[in-house]
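Trainee: sequence-free structure coming up:
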Ligand SMILES: O=C(O)CCC(=O)C(=O)O
Ligand SMILES: [Fe+2]
């Protein structure tokens with residue numbers, strides 16, 4: 001019998017036995033899908049490049065290439081931070097509409113998105129969201145210069161009774177911790193792919209990390225603005241990594257990487273991709289773990305060695321809460337595929353992450369005040385300005 005390796009807690013089924021005998025039993029009604037049986041990886045608290053790190057990095061890369069998703073154990077600290085963040089999530093969405101609706105900002109895309117407001121592939125989603133982007137005060141030079149998407153986060157006021165924390169405190173503490181883990185994951189991926197240390201991490205200095213605090217109504221409790229049973233339509237996320245936690249309800253589906261399914265979301269929208277086709281894999285909730293999927297920029301820099309993970313969310317019989325943390329390049333970063341970096345014949349213009357981000361948010365929120373202000377003030381063109389395309393900009 002093979003000895004289990006130190007970084008692997010065990011196949012999902014083994015640790016699930018005591019909790020739930022059938023992990024597929026929570027699958028939202030009306031969906032046909034395989035049920036993922038994911039091992040849970042234990043990550044080191046820092047990455048040194050040791051033999052253990054290299055072997056773990058290779059195992060993570062292999063798992064993403066096979067399954068499109070990995071599952072990692074929460075540390076004890078993260079369990080507490082997650083508990084508080086989930087409480088803040090529930091407390092915010094339980095507020096009356098009149099308290100949530102004003103949480104918008106004309107400059108940043110941070111803040112409240114009502115159920116039926118987000119559009120994926122032209123169809124309204126039922127997700128109700130609070131987005132957190134880099135929280136920049138009005139006096140920040142980038143906000144004063146009116147860089148697209150740069151501005152404050154319109155946090156709700158007040159302390160949550162259950163935790164004694166404001167939403168800002170609970171969510172920021174949780175995601176700051178995930179930011180450290182995001183860097184470790186990038187370090188492990190560099191080792192796993194055998195590229196120069198720092199090949200990914202050089203892009204994340206002052207990274208444009210952001211977070212989606214999510215609530216999905218039960219399928220029989222929607223406002224009828226979207227597609228029946230759909231929480232979020234099929235899509236890929238934009239940057240490098242998405243580290244996500246979910247409660248015990250269930251709703252997330254992903255697609256495994258496949259030779260037959262080629263896409264590049266930065267060139268042509270992958271939203272709506274195979275939404276109603278076969279081949280989806282249900283990701284059952286597991287207590288005490290985060291899952292990690294990959295974004296467009298990871299696919300681009302690795303030249304499809306690590307593909308962005310298509311995913312969607314279905315509505316279940318109960319309301320569901322989740323939090324997705326996006327570990328991203330700097331807004332100003334221009335990313336290049338690994339092999340081209342430093343080559344004299346490098347004609348590849350690369351991808352400016354800030355432009356990709358802005359394109360995606362304008363597409364998802366065509367009617368939001370932020371999109372209207374950006375267009376009315378003709379600020380889209382600023383994305384071409386050299387200062388917004390260098391990580392050494394003196395304004396950043
Ligand atoms: O609800 C989830 O588990 C994932 C949400 C998601 O895909 C997103 O916020 O982009
Ligand atoms: Fe997503």
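Mentor: All right, it came through fine. Small disclaimer: the values here were computed from a predicted structure and weren't measured. Ligands and ions are numbered 1, 2, ... in the order given.
Trainee: C-alpha only now, for contacts and for neighbours.
Mentor: Will do.
Trainee: For the stretch 201-350 of the chain, just list every one of the strands.
Mentor: 210-216, 230-235, 241-246, 252-255, 280-282, 289-294, 311-314, 320-327, 334-335 (DSSP state E, counting those that start in this stretch).
Trainee: Save those strands as JSON lines, and put in mean neighbour count and mean pLDDT too.
Mentor: Formatted as JSON lines, those follow (neighbours: other C-alpha atoms under 10 Å; pLDDT from 0 to 100):
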{"stretch": "strand 210-216", "mean neighbour count": "23", "mean pLDDT": "98"}
{"stretch": "strand 230-235", "mean neighbour count": "25", "mean pLDDT": "96"}
{"stretch": "strand 241-246", "mean neighbour count": "24", "mean pLDDT": "98"}
{"stretch": "strand 252-255", "mean neighbour count": "23", "mean pLDDT": "98"}
{"stretch": "strand 280-282", "mean neighbour count": "24", "mean pLDDT": "97"}
{"stretch": "strand 289-294", "mean neighbour count": "23", "mean pLDDT": "98"}
{"stretch": "strand 311-314", "mean neighbour count": "25", "mean pLDDT": "98"}
{"stretch": "strand 320-327", "mean neighbour count": "25", "mean pLDDT": "98"}
{"stretch": "strand 334-335", "mean neighbour count": "20", "mean pLDDT": "96"}
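Trainee: Pipe these into TSV and attach distance to residue 104 per row.
Mentor: Formatted as TSV, the strands of the stretch 201-350 of the chain follow (distance: least, C-alpha to C-alpha, whole Å):
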stretch	distance to residue 104
strand 210-216	14
strand 230-235	21
strand 241-246	23
strand 252-255	27
strand 280-282	33
strand 289-294	28
strand 311-314	24
strand 320-327	19
strand 334-335	29
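Trainee: Select, out of the ones you listed, the one closest to residue 72.
Mentor: Proximity to residue 72 (C-alpha to C-alpha) singles out strand 289-294 among the strands of the stretch 201-350 of the chain, at 5.4 Å.
Trainee: Give me the sheet partners of that closest one and which way each runs.
Mentor: strand 70-73 (antiparallel), strand 241-246 (antiparallel) (DSSP bridges).
Trainee: so which of those comes closest to ligand 1?
Mentor: strand 241-246 (6.1 Å; C-alpha to the nearest ligand atom).
Trainee: got the contact list for that closest one?
Mentor: By C-alpha atoms under 8 Å, 6 or more residues apart in numbering, the residues outside strand 241-246 that reach it are 82, 178, 182, 285, 289-295, 298, 320-328.
Trainee: Kindly reformat the strands paired with strand 289-294 as JSON lines containing distance to ligand 1.
Mentor: Formatted as JSON lines, the strands paired with strand 289-294 follow (distance: least, C-alpha to the nearest ligand atom, whole Å):
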{"stretch": "strand 70-73", "distance to ligand 1": "13"}
{"stretch": "strand 241-246", "distance to ligand 1": "6"}
